[in-house]
Every structure is written in C-alpha cells, then in structure tokens.
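> need a structure here:
(chains A, B, C and D, ligands or ions: 4)
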Amino acid sequence: MLAVIATLVLGTSVSSQYLSSYNVLSLGLSNGEIAIMCLPLALIIITGEIDLSITSTLALSSSLLGYLWLHHWPMPGIILTVLVLGGVLGAVNGLLVTRLGLPSLAVTIGTLTLYAGVAEIVLGSTIVSNFPSTYTTIGVTGFPHTDISYSAVFFVVLAAVFGLVLHGTKLGRSIFAVGLNAEAALYSGIRVKRVKTGLFVVSGIVSAFAGVLYTFRLNTAEYDNGSGLILSVVAIVLLGGVSIFGGKGSLLGVFLAVLVFAGLQNAILLTSFPQDATGIVTGGLLLVAILLQGGALVEKLGRMSVRAKASRT
Amino acid sequence: VASAAARSVGRPHALKKGLKVFVVPKNLGNSYFTTADSVKTGGALSALKALGESGAETSGTTDTPASQLPVIQADISKGANALVISATDPTALCPTLKRAMASGIVVVTYDSDAPTCRTLFVNQATAQGIGDIEVQILAKELHGQGQIAIVSASASDTNQNTWIAYMKQELKSYPKMKLVSVVYGNDDTATSTTVTQGLLSKYPNLKGIISPTTVGIAAAAAVLDTAKYRGKIQLTGLGTPDEMKKYVQDGTVQAFALWNPADLGYLAAYAAVELASHAITNAPGQSFVAGRLGRYKVLPGHEILLGAPFVFTKANINKFNF
Amino acid sequence: MQSALRGVAPADSSPVLRLEHATKAFGAVQALVDGSIELWPGEVHGLVGENGAGKSTLVKMLAGVHQPDSGRLVLAGKDVTLPSPAAARDAGIAVIYQEPVLFADLTVAENVFMGRQPLRSGRRIDMRAMVKKVEELLGELGVRLDPGRIARGLSIADQQVVEITKALSLDARVIVMDEPTAALSAFEADRLFAVIETLRQRGTAILFISHRIEEILAICQRVTAMRDGRHVLTEPAGTMTPDDIVRAMVGRSLVQRDEGERPRPGSPVLSVERMTREGVFVDVSFEVRSGEIVALAGLVGAGRSEVARAIFGVDRYDAGSVVVEGARLRRGSPPAAMAAGIGYVPEDRRQQGLVIEMATSTNIALASLGELRRFGFVRRAAERRFATDWSARLQVKYSRIGHPVSTLSGGNQQKVVLAKWLARKPRLLIVDEPTRGIDIATKNEVHRLLLELADEGVAVLMISSELPEVLRIADRILVMREGRLVKSLPSAEADEETVMAAATGQLAASGS
Amino acid sequence: MSTLVQSEPSLQAGAAPGSARHLVDLAYRFREHGIVAVLALFVIATTAIQPRFLNSSNIKFTLLNATIFGFLALGQTVVIVSRNVDLSVGSILGLSAYLSSAYLADHPGTPIPLVFALGLAIGLVCGMVNGAVTALGRVPSLVVTIATLYIIRGVDTVIVGGREVVANSLPDSFLSLGTSTIAGIPVITIGSVVVIAAGAYFLRNFRSGRELYAIGSNPDAARLAGIAIGRRVFGAFAFSGAIAGLSGVMWAAYYGTIDSTAGTNYELQVVAACVVGGVAIFGGSGSAVGAAVGALLIATISQALYVLGISSFWEQAIYGLLLLVAISLDRAIALRLTSALRKRSYQQRAA
Ligand SMILES: Nc1ncnc2c1ncn2[C@@H]1O[C@H](COP(=O)(O)OP(=O)(O)OP(=O)(O)O)[C@@H](O)[C@H]1O
Ligand SMILES: Nc1ncnc2c1ncn2[C@@H]1O[C@H](COP(=O)(O)OP(=O)(O)OP(=O)(O)O)[C@@H](O)[C@H]1O
Ligand SMILES: [Mg+2]
Ligand SMILES: [Mg+2]
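Ligands and ions are numbered 1, 2, ... in the order given. Model prediction:
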C-alpha cells in the first residue's frame, strides 16, 4: 500500500504527464497481460506450488491463434480453441505435479521450454499480423467511454473474481489450507489434488487469454511472444506479499503490487532515468519488500520447516 | 564533405532548435545500435547535438515490440517532436506510430522499416543489395561451389528473412553452391555458437557460412577460429569491424559487409530534424544536406538510401573503429 | 523452594544440573513462571504436569534452545548460560525432544554424529570410524539397526533409538527425554526402559517426561510435578501414589466416573470385508455397530492406522470392500467417506488433524464449510458462531478463537480436532490415538466424550496403543499383528495379558 | 515449498538390515547411475543414427557447451542441498564476464590467473550479498535471488552501457583457453572437472559439506544439532557466487565477444541441470557429480538435435520434452523401488 502511494507521488513529481489520460492508458496497455497472469499464479503459489510455464502458454496460444487465423478459422472459434488449449496445457502441468508427485518447480521449468518449443513448431518463422481491426483496436483505444485499456479492465474484473473466490469461498479456504498443510487438508476432506490440478488448468486458461490479448494488442502472432517475462510475473506476485512457501497472501496485495510495478516502470520511462537501470529499481523494491516482511518471517520459517520436515519424513 | 557540413551548419534559420527528438533503437545495450546512436561514434545523437536539438536514446532492454512499445508511448507522453526508430515489429508498432503521426510527430525509421506508418525511411542498403553482396563474397571465396549454410538471428526477424530470400534468389546464379541449412542463433552469442557447432558436426563437407547478423557472425567466427577450420570453411555476413578485426587479421574471415551504422544514425537524425522543422517534406525529389555526409534525395516510397554496403577486408579493416 | 529440593536429594553426591526459579514468556503467554529442577547423577527424575504446564519449555532451557528471562542455571556447581543448542551439547547435556528431529536424507550414522563427525587427516570425515562407533553404540542398546541406512522411513520407535544413540555418543552427563514413550507401544517402551536403566547405572542423570503415571512410578527415583508454569513439588517416587501425582498436577483429585450400563449395540454401521493393501495389511474384516466402541489394538506398525486411513479414503486398498450402512463406499476418497457419515480424528494432530497456522475457528469449521455457505460464499459470522458453539460444548480453552490453533496446548488442540468432526454429526467416528500426549485430566474428558457419543448411537472405532484405555472404554477389542487381524474379543473377556500375547504373536494359535 | 503428501517407504529397519538396505542404497545411488544410464543410452541411440556424433570435434563441442553449465551447477548444487536456490547466477556471470574481460582488454599484460581471480572476486562479492540478505534477513532465497538477478543485471547494463569487449582486444593466450584441447578435451573442461571433483569431495567428506545437507534435510534439526545455519547458508551462496564469477571469465574466453547480455536466462537452465542430475529441489540430497552429468546430458541432447539435423524449430520442444521425461523417469523409478521395497519388507516380516 505504502509502495503504491510512494510510486504515485514519485511518478507525479517527476513528470507532470504522469497522470495524463494517455499515459494512464498506455500504462495499462503495456502491463495488462503480465497483470492478468499474476492472478492465477498467486493462487498456485498460495497452494505451495509454482507455475513457471505461463509465459510459454501465452506464446503457444498466440502462435495457435495466428496459425488458425492463417487457416481461415472464424475468430470466435479460434479464441475458444485457444482457451481450451490453455486449459489442456495447464492440465498437463497439474497432472504431472499431482499424479506423478513431481515438484512443480521442475515440471514447469520443463513445460516452460516445451510449450515455447511447440509454439515455435506451430508458427515457425511465420508472423501473422492481418487480424481484423475489430479485435486489434483493443491495443489502441480504451474501453468504451473510458481511458482505461481493455486489458486493464479485464484485469480489474478478473482480480475481483479471483479475490472473491480466494477470500470468500470454500475453495479459497481450501487453497490456503492446502498451502499451509496439504496433509491436514486431505484429512479434512479437501480434494488436494483436484484443487491443485484445477488451479493449473485455470492458470493455463487465463494465460491463454492473456495470449489472445497480447496478440491483438500488438496485432502480431509470433512464436516468441512474451518470452522472458516469467520472472517478472513471479516477482510481482512475491512483491504482493504472497509467501513463496505457500499458505499466505492476499489478492489485494497482488493487485497493489501490479499497480506498483506498472506505475514504477512507467515513471522510469517518463523520466530521463537510465532505462537500463529499471531492473535495479524493480529488484531493489522486491528486496526491500521481502525484508520488511522478514521480521515476521523469521518465526514463520521455523514453523514452516517443521511442516516441511514432517511432510517429507 | 567537410565543406558540406560547414554549409549546413551555416544555415541555421532553416532548422528549428530545441526540438525533442527521441532515438529508439530495437533495444538498448546492443553495440550495433550504440554505434548508430551515440555522440562518441558520430551517430544520431551527435547530429542532434550539433543541430542544437534535445535528443535522447530510449528503448526497452529486449529486442521485442512488447518492450519497445511502452517506450514509444512514453516518448509521446513526453512531448516528442520527432521519433527516429528502428522497428522491432511494424504491425505491432503501427497503431501507436500512426497515432503519433496524427498528432504531428515526425516518424523516421532507420535500420528496420515500418512501411505504412512512418514519414520517412532511412535505408542502410537495399535488401537485395545486402542479399546479393553476401552471396557474391562467398561465391568468390569458394569459387562458386560447395555446401553453404546460413546462421540467422531469430526465425521471426523480418529483416533477416527478407535478406535470406534475396540470397536464395542470388544463389540461383551459382548452381554448384548448395544451401544446406538455415539455423537460428536468436542474436544470442551462446545459441549462435551452439548452432554453428551443430552445422559443423552435421555437414562435414560444409564449405561456407553466411551470417547476416553481427552477433551471429562474431560467434561463428569464434567457433571457426581454430587451425582445424581456419581457411577451410569460409565465413561472411554482416559484422562490425571491431568485433571482426581479430578474425580478419588471423585469416578466419576474408571479407564481410556492413554500412557504417554511425552514418546511418546520423543521417536519420538529420532527416528527422529537417522534417520536423518543415524545411523539407517527405515528397520524392526533396533534398537536403546531411552535415558531413553531403546531399541526399528522397526517393519514391518515401525513403533515403545511405549507400551501398561496404566490404571490409584485411586491407581496410584497421581504418575503422566501431 | 530450594530447601525443599535439597530435602530429598541423595546424600552421597551433588547435583549435576540445577535450574532455579526460571521464568519465560512468549509474548503475552507466560509459559514458565517458576521452573525449578535438580538433576543428580545416577538418578532418573520424572517430570509431570498437565498439557501446557511448561515441561517442554523447561526442557528447551536445559537444551539451550530458549534462555530463561530470569532465574539461574547451575551446572556442576557453576552458574552457566547456554546460548545455543551447541553450547548445551558441549556442556554434556543431551536432549531427546518430544518429536524426533532427524535428517531424513542422511544415514543413521550421520544423524548420530552430525556436526561432530570423527575426523582423519586433513579434517576429512572418517566415515569408517563413524559407522563403527555407531554400530558399537547400537550394540550396547541391543538394537539391530543398520548405521548406513537412510533415516527416511524409520519407524517412530527406531527414530527414538537414533536419538538415544545420539545422546549416548555424546557421553552426556545429563540426558533429557521429553515424552519419549508417547509414540511407543508398551513393548517398545520396555526396551527403552532397559536402556534408561543401563544409563542410570553408569551414573548419567536422566530427566524423564511422561503423561503415563505408571511409567513414572516404575522407572523414576524422584518426581517433580508442575502446574501452570510453576514447580509444585519434588518427592521421591517411592513415597507417592498415582493419586498424589495427579493431585499435584491438576490441583485436585480426579473422580473416576462410574461408567454404568452400556446400551446394547444396534445395527452395523461399518462393515469391512477382506480389505487388503499389499504390503501393509491383509484380509481385514470386521464390523462396527451403532452405539458400539470397537478398539483396534496392536504394536506400533501393526497396520491399525493404515486400516483406518484406507477406510476413510486417504489411502487406497487393493482388494476387499468397505460398506457403510448398507452402501458400498467408493475407495480412495475422503469426501465420499465424509458424505457417508464417517469422521476421522487422525493420529498426528499437528500434521494431519489441524492446519496449525490457521485460526481455531477456521479449523473447527474446515470440514463443515459446505453448510456454512450462502450463494457460494462462506459466512464468516456463521462460521465463528459455529466454532464458538462447538468449542463451548467440548470445553476447549483458548484466549481468542481467531488466533492460530498452534497457540493452544496439546490437549486443547486435540479437542479442536474432535470438535471439528463431532460438528459433522458422524454416524461412524474413527479416532486414532485420541489421547496421545494428553494429560490425565483431559484424557478422562476425551473418554467421557467417546462414551457419550456411543450412548447417542454413534459407532466408534478407536485405535490406541494404550491398553488400559482400550480395556476401559471399548466394548470389543480387535488385535492386529503384522497387518492381520489376529483376535477379536469382547472387553469383558480381555485383560492386558491376552491382548499383549495376541499382539506379539505368543498365542497366535488361539486367535481368529 | 511443496507439501506433497507422500507415502514414504515403510521399512522395518530393525528387521532385515542386509538385503533391504541393499535396495534402499540402490534406490538412492540410482539417482546418479540412472542419469548416467540415460546419457549412455542417448549417446548410443544418436550415434546409431548419425555416427558422426562421436567424432572428436563434436565431442569437443559438446563438452565445451556442457562445461559452463556443469560448473555453474556445482555452485547451484551447494545452494540447493541447503534448501535454497540461487537464481542470480546468470547475472553474476554476465557482470563478471564483462568486468574481467574489460580489465584484461585495458591491461593487456595482466596474467590470466589474475583475471580469474578478478572474476572470482566479483562473483564472491555478489554471492556474499545474496548470502547475507538470505541468512541475516532470514528471507526465502528464491525471492532474494530473483531480486538480485534484476539488480546485478541492471548494474551490468549500466556499467557496460552498450559497449562491448571484442576478441581483438583480448590476448590469444586468453582466448585459446576456450578452444585449445589436451588429448581432445578442452582445457576449460579439464579445469572445471577438477574443480567439480574437488567440490563433490568436499560435499561428501567435510563437516561443513555434510552440514549443508543436514540443513536442507531438516533445518530445525540442524539448529538443534548446533549447526551454524546462517554461516553455512551464507557460505553456500558465497561459493555459488564465486563459481558464477569464475564461469564469467570462462564465458569470456570461450565466446570472445562480451556485451551486457552474457548469461541471460541461464538460471533456469542451471536449475534444470541440477534437477535432471538428481539434486532434490527441496534440499537434502543430490551430488555435484550428478548435477554435472545432468548438465552434460542437457548439452548432449541439444547437440544431438543439431547433429541429427532435426529442424531447429523442433529443437526446443524436444529438449523440453526430454527434460520432463528425465524427471518423470527418475520419479517413476523411485516409486517403483519404494513399492517393491514395501512389499519385500512385508514379505520378510511375514516370513
Ligand atoms: N514458542 C512459543 N510461542 C508461544 N507460546 C508458547 C511457545 N512455546 C510454548 N508456548 C506456550 O507455553 C506453554 C507451555 O508449553 P510447553 O510446551 O512447555 O508445555 P508442556 O508442559 O510441554 O505440555 P505438553 O504436555 O502438551 O507437551 C503453553 O501454553 C504453550 O502454548
Ligand atoms: N515396517 C515398518 N517399518 C517402518 N515404519 C513402519 C512400518 N510399518 C509401519 N510403519 C510406519 O509406522 C507408522 C505407523 O504404522 P501403522 O499406521 O501401520 O500402524 P499402527 O498400528 O497404527 O501404529 P501406530 O501405533 O504408530 O499408529 C506409519 O506411519 C507407517 O508408515
Ligand atoms: Mg511438551
Ligand atoms: Mg496408528
């Protein structure tokens, strides 16, 4: 929260343009997909797992979208297919993690490579950029009657949905329970594997949706769309106070972290601050955030390791 | 040339001063663009400085539209008068560039064009010229025969793909030269190295490699720089003289081509200032004097041509420093 | 106080370790108000007290894990501070914690010698010497355990053996054992007592904590009782009766409730038929009727918990069937078992029964969220009311129901688990070691609860390693050995000998 | 991070030490043998299709490409066994590669060992920062090293500022490290193998090495055993940083052209090498040798794909697939052995 205010103040003080409507629009435009992917990732991290493959899911969805468009499929059909594909990709992750019991960090490093590779197979050196302008306007204009970009609107809506589910429903309670102690969750009748698999599927679908937005926004489908973004997504979620060990975090935190991240990047762009140093600022912020949480963490870690020990022995 | 520069500077009333001109290379930290843009090398920013404009180099850190786009948007927010830009991906950038043009900003592309959404393109060399000369250099070295391969950047790179298409066309004139493979090093040193090694292992009879990208050719040269391959496999492509000096001097590479990137940036900046000052328009036939480079004319298609690519060899390479 | 301690000290030596008037607070919780203890060489000293009395906190001070806020620690006549576990170890104090803490990925030998491995030239570890030393120590204990084996998968008893070996290898002057028998069956506990006796004869001072008062009286020379973080008394064990100890712990005598007539069991609620999980249990068949308490007895590792887990669906089974009230239960699905009316209080409450970092209220409601929803959203107020209601019924003691359940003492945590399942109004309640690590007063309450449930017509399947408990409240006793059900007898016909004999296989022929 | 519910082998240890122990040992050793077997299988299959795969220059290329990852995997193993992870290694490599080679370019007479020392020192400083923040702040290393990944790369790009070090400005004696061979084996490979062997020996035979495993296996127990956790974890990160620093110098010698992008995206590949090599991602077990073999397997796979002439579009997908197959296979074998073990020990008990 403090960070958000600090960012806004910093932003406005360095550039009078900061809060101009055009800038607010482009701010949302350039970070929308990353922001959207943060939501399911936050839930997955709260269950104690991780999904590093989401940016490759984005790439593969983008490629498939382009490929099918080249083959004259109707656009609504394409979008549906792409979302289904996203679900399948997520299910593959989920099944490998829950059925084979593989560590999700390892699995999704694998699928990060695999999905990006399949994207390359699908589209190869082809670049598709003749999408109808009805769709690609989302990259140029704001949501009707507002100056907010489409992806920002989608983000806000999805964030509300994810927030309600996580903090208000039985499923949300289960997600926390699974992250804190999967065994106790199992003994309480929570379908641990199904919850995890389900979240991976949702993560896949949402990432595929992000892929669709990304493609339309840039009016370009190519195989390496979104590559190299994964650690930014993880960084934002962690900045939002989600514990990498699972069981702790709030969607509000993630939401604010997204604002901070977007605002900060934008503020840096608007100043003559050397852009090479964006990483220094982002990393520094993450470090400070984690150290501030650290006080409480000292004790938490102790308890956690008891849990980790017990679940391993 | 010197007197031309003197003349253009001596005509200050025609060009506005204090214009905000942003130079947007594909990405930052890329030595080719650093050469094209920086003051030290006599690139775009040196031209802007000389003309009394306020210039800055801005871009993302990776060579993608997703990283370049927010920068362009920020530049627009910052009140740019002109953008000098190398487009990572024309279709992705076009809506934003069109918006910029609609609000009166001059958009000059250099190095990599965005044909439908710029005021003027400063072309370093025609795509055909580049494709042809590389095949010709290699053909001369191989006496027109043998297996050859191409080490490109990324598979989705428009520039590369156009050049490769022209190379294939030119290769038809050398029926005994056979293109066996095109591999992609993603403009990454390590990947380019691995793919080059793969070519050597896969094709024991390989005689020549073309790498039309500065990262690729340097990496390939480092792989070939052993007694085993030196002089037995010929390498050419587009490279910078500094990176290639060692390999030209020790005989790993005989000749490669490039334009002077600093001149390219310098010319693009000049054109942008001329346009933003309304001293010229982008109509074909308009002409202006670009400082030390002399007079240039706008060609059909709203572009200016820097000149033919320059071929670097052992005899001349030491004269260059970029 | 001090004079009281001295009054019962053996005359021929001086104490090795003395803690005087130690206090310790964790935030608002005053865990220890007046912790005092005196340990003498060649003596086993028992420490008793209710859950949360501060026993483990006291132990952790001797171990260098916690430092007293005030008070003195005197080692061989000198005032000392123990800033770290390493310092305690170097001072000759070895501690076997309430829960074994082993390195699962490392070998038994490495577990014993971690941080103190014997070295050879160049400061390299001398593996061979290390293994040899551990073999010797295990030999002394009369235990067969391979020093080169990875610790992962060791039974709890064997884990205790490793901890004891570690203590032996230290040549410790003082060995502290925090509830070492809680997880052991009588058989294994006897093995441990033999070891303790050997150590005692060698002149080691031993502090022994247990909730089993018979044990304390059997092996200790002196007993200290604590209540609410205070030292209450220290007396020679020989002069005390079980009731004296209980009174010291609880502050009053426990009235042994008369159980009265049990109603006749009704129709079968659970029928297990020829259930088999390969490598774990074979051909297990039995029934539990409504209003009946059936106990599963046996040694640790006999497969009782595994049977319960298979019924509840946490584990799968390979053959056979489970029928609940006439309907066959889908295997491998706890939600299906719950829907069929089964509740399961698992044996490890911290790991399986509770999400220890979640609020007490959340834990109680965790298995009943389905009923607490409106339009798909959990109603927080309703959840809190629900939890408060059930914890009142079970007399759970907490400071705030919204605080993490980890802040509750062990006995109250156990009640929370019970509340969580009772709230679902089960037809069949499986309770696995419901009184493990629970003080005697709370234990009585748990027993009362189970009997009441049965009176209300609930079928109860109880697993317990404590024979007196089994004999006291079960209607029928099933004995398991090595994965097989070997004997079934009404509790009226059972006594400790017959059950032990069946469990250890000495009278296998007379079984089922 | 994960709290998977797992049924672990239930073995009555007291019952039958002999044969059961054998199986357990096998299961644990198989982690490395398995990966060696997979590697051998892969080489044989590839060679059967394309005999040139085993020619000397291809072996040299494969070893060269495996070297830097294998070396980085040594540092990463030390960190991972202590239940941490170091994602900043790619950035450290990049910074060290540029600074050390730029120094050499500016001071052409510098003896090469001094250049390595410089790289090591740069890496060491970065690693010490990681270690200090993780150990003193007691915060998860994954988060810390993602942050330093960004910070160090940012520092690197600011320092480099679009310049680069080119081969021509580096002495031949330095560049030849990356190309010259002894008995067909590249010099930097030999150097790395020596260091990896020393590292593996250290992890196995020294108290501080074993203590890292203890920490990773059970941090609570480690604290109770009097192990100085903070100091050991700090040491592990410092070591990993130093290794990454040295790798930077090797990178510079091998590739010859150094800008601010050296080592980008290496972190996940290094972790992948460790995982494929049997290092448990949650600490406590695994060996540096296994990790190095993992790196070799990965390099072999990607080299094989080129040599087999598989379309470069397919390369990445196949590589990802093989990665998944490798970890799944490892897991499947472990599960099989566990259940075999369970049945066996039961039969023994029953008998
Ligand atoms: N780290 C801690 N933080 C907060 N409170 C604590 C902590 N450790 C112990 N307590 C509290 O201190 C009191 C004494 O706990 P202790 O573990 O010493 O009891 P005990 O006598 O060993 O009980 P049991 O028989 O259940 O093991 C309890 O109320 C407990 O909740
Ligand atoms: N042969 C064995 N060797 C090692 N561990 C075992 C063995 N059999 C069972 N165990 C472990 O001991 C624990 C208890 O075993 P199980 O649940 O089968 O028996 P139980 O009779 O319920 O024992 P307990 O009294 O401990 O609950 C389980 O976690 C199981 O994994
Ligand atoms: Mg206790
Ligand atoms: Mg049990």
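
> Which residue ranges of chain B form helices?
All helices of chain B, identified by DSSP state H, fall at B:2-9, B:31-37, B:44-51, B:65-77, B:90-102, B:127-142, B:158-171, B:189-202, B:214-224, B:241-249, B:261-276.

> could I get those helices as JSON lines with mean pLDDT?
Below are the helices of chain B laid out as JSON lines (pLDDT from 0 to 100):
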{"stretch": "helix B:2-9", "mean pLDDT": "44"}
{"stretch": "helix B:31-37", "mean pLDDT": "87"}
{"stretch": "helix B:44-51", "mean pLDDT": "93"}
{"stretch": "helix B:65-77", "mean pLDDT": "86"}
{"stretch": "helix B:90-102", "mean pLDDT": "88"}
{"stretch": "helix B:127-142", "mean pLDDT": "94"}
{"stretch": "helix B:158-171", "mean pLDDT": "92"}
{"stretch": "helix B:189-202", "mean pLDDT": "91"}
{"stretch": "helix B:214-224", "mean pLDDT": "94"}
{"stretch": "helix B:241-249", "mean pLDDT": "93"}
{"stretch": "helix B:261-276", "mean pLDDT": "94"}
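
> among those, which is nearest B:Phe322?
B:Phe322 lies closest to helix B:31-37 among the helices of chain B, at 4.5 Å (CB to CB). No exception for glycine: its C-beta is placed from N, CA and C like everyone else's.

> near chain D at all, that closest one?
Yes: Helix B:31-37 is in contact with chain D by CB under 8 Å from any CB of the partner chain, via B:31, B:33-34.

> which intervals of the chain have sub-threshold pLDDT?
Using chain A here. A:1-30, A:139-140, A:142, A:145-147, A:272-275, A:293-313 (pLDDT under 70).

> if you could check chain C rather than the one you did, that'd help
C:1-13, C:156, C:185, C:252-261, C:506-512.

> Tell me how it divides into domains.
Domain ranges of chain C: C:2-99+C:174-180+C:205-249, C:254-341+C:426-512, C:358-420, per automatic domain parsing.

> would you list those in a markdown table and tack on distance to chain D and mean neighbour count?
Below are the domains of chain C laid out as a markdown table (distance: least, CB to the nearest CB, whole Å; neighbours: other CB atoms under 10 Å in any protein chain shown):
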| stretch | distance to chain D | mean neighbour count |
| --- | --- | --- |
| domain C:2-99+C:174-180+C:205-249 | 3 | 19 |
| domain C:254-341+C:426-512 | 4 | 19 |
| domain C:358-420 | 14 | 19 |
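
> hmm, back to that, for the helices of chain B, which one sits closest to C:Arg277?
Using CB to CB, these put helix B:189-202 closest to C:Arg277, at 50.3 Å.

> quick one: the closest one near chain D?
Yes: contact of helix B:189-202 with chain D (CB under 8 Å from any CB) involves B:189-190, B:193-195, B:197-202.

> Could I get the CA-only coordinates of stretch C:476-496 as PDB?
In PDB, the C-alpha atoms belonging to stretch C:476-496 read as follows (Å, rounded to 0.1, in the frame of the first residue of the first chain):
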ATOM      1  CA  ARG C 476     -14.900 -55.100  21.800                       C
ATOM      2  CA  ILE C 477     -11.200 -55.300  21.100                       C
ATOM      3  CA  LEU C 478      -9.700 -56.300  17.700                       C
ATOM      4  CA  VAL C 479      -6.000 -57.100  17.900                       C
ATOM      5  CA  MET C 480      -3.800 -56.600  14.800                       C
ATOM      6  CA  ARG C 481      -0.400 -58.100  14.200                       C
ATOM      7  CA  GLU C 482       1.800 -57.600  11.200                       C
ATOM      8  CA  GLY C 483      -1.100 -56.400   9.000                       C
ATOM      9  CA  ARG C 484      -3.500 -59.200  10.000                       C
ATOM     10  CA  LEU C 485      -6.500 -59.200  12.300                       C
ATOM     11  CA  VAL C 486      -5.500 -61.900  14.700                       C
ATOM     12  CA  LYS C 487      -8.000 -61.800  17.500                       C
ATOM     13  CA  SER C 488     -11.400 -60.300  18.400                       C
ATOM     14  CA  LEU C 489     -12.700 -60.400  21.900                       C
ATOM     15  CA  PRO C 490     -15.300 -58.700  24.000                       C
ATOM     16  CA  SER C 491     -13.700 -56.400  26.500                       C
ATOM     17  CA  ALA C 492     -15.300 -58.300  29.300                       C
ATOM     18  CA  GLU C 493     -13.100 -61.300  28.400                       C
ATOM     19  CA  ALA C 494     -10.000 -59.200  27.800                       C
ATOM     20  CA  ASP C 495      -7.100 -58.300  30.000                       C
ATOM     21  CA  GLU C 496      -3.700 -56.900  29.300                       C
END
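
> So which of the residues of helix B:31-37 next to chain D wins on neighbours?
The most crowded member of the residues of helix B:31-37 next to chain D is B:Phe33, carrying 27 neighbours; neighbours defined as other CB atoms under 10 Å in any protein chain shown.

> got a list of what that one touches?
B:25-27, B:59, B:86, B:111, B:261, D:162 (CB atoms under 8 Å, 6 or more residues apart in numbering or on different chains).

> let's see it at 6 Å
B:Pro25 (CB atoms under 6 Å, 6 or more residues apart in numbering or on different chains).

> sec struct for C:Leu233, please.
With DSSP: H, G, I helix; E, B strand; the rest coil as the basis, C:Leu233 sits in strand.

> That one reaches C:Arg247, doesn't it?
No: the criterion here is CB atoms under 6 Å, and C:Leu233 misses it with C:Arg247 at 9.8 Å.

> so what's whichever residue of the stretch 101-250 of chain D sits closest to chain B closest to, chain neighbours aside?
Closest to chain B within the stretch 101-250 of chain D is D:Gly162: 3.2 Å, counting by CB to the nearest CB. Leaving aside its sequence neighbours, D:Gly162 sits nearest to B:Thr34 (CB to CB, 6 or more residues apart in numbering or on different chains; 3.2 Å).

> would you put the C-alpha positions of stretch D:117-135 in CSV?
These are the backbone C-alpha positions of stretch D:117-135, laid out as CSV (Å, rounded to 0.1, in the frame of the first residue of the first chain):
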residue,chain,number,x,y,z
ALA,D,117,40.9,-14.1,-9.5
LEU,D,118,39.2,-10.9,-10.5
GLY,D,119,36.1,-12.8,-11.8
LEU,D,120,36.1,-14.9,-8.7
ALA,D,121,36.2,-11.8,-6.5
ILE,D,122,33.3,-10.1,-8.4
GLY,D,123,31.2,-13.3,-8.1
LEU,D,124,32.2,-13.7,-4.5
VAL,D,125,31.0,-10.2,-3.6
CYS,D,126,27.7,-10.8,-5.4
GLY,D,127,27.3,-14.2,-3.7
MET,D,128,28.1,-12.7,-0.3
VAL,D,129,25.3,-10.1,-0.8
ASN,D,130,22.9,-12.9,-1.6
GLY,D,131,24.0,-14.9,1.3
ALA,D,132,24.0,-12.0,3.8
VAL,D,133,20.5,-11.0,2.8
THR,D,134,19.2,-14.5,2.9
ALA,D,135,20.9,-15.5,6.1
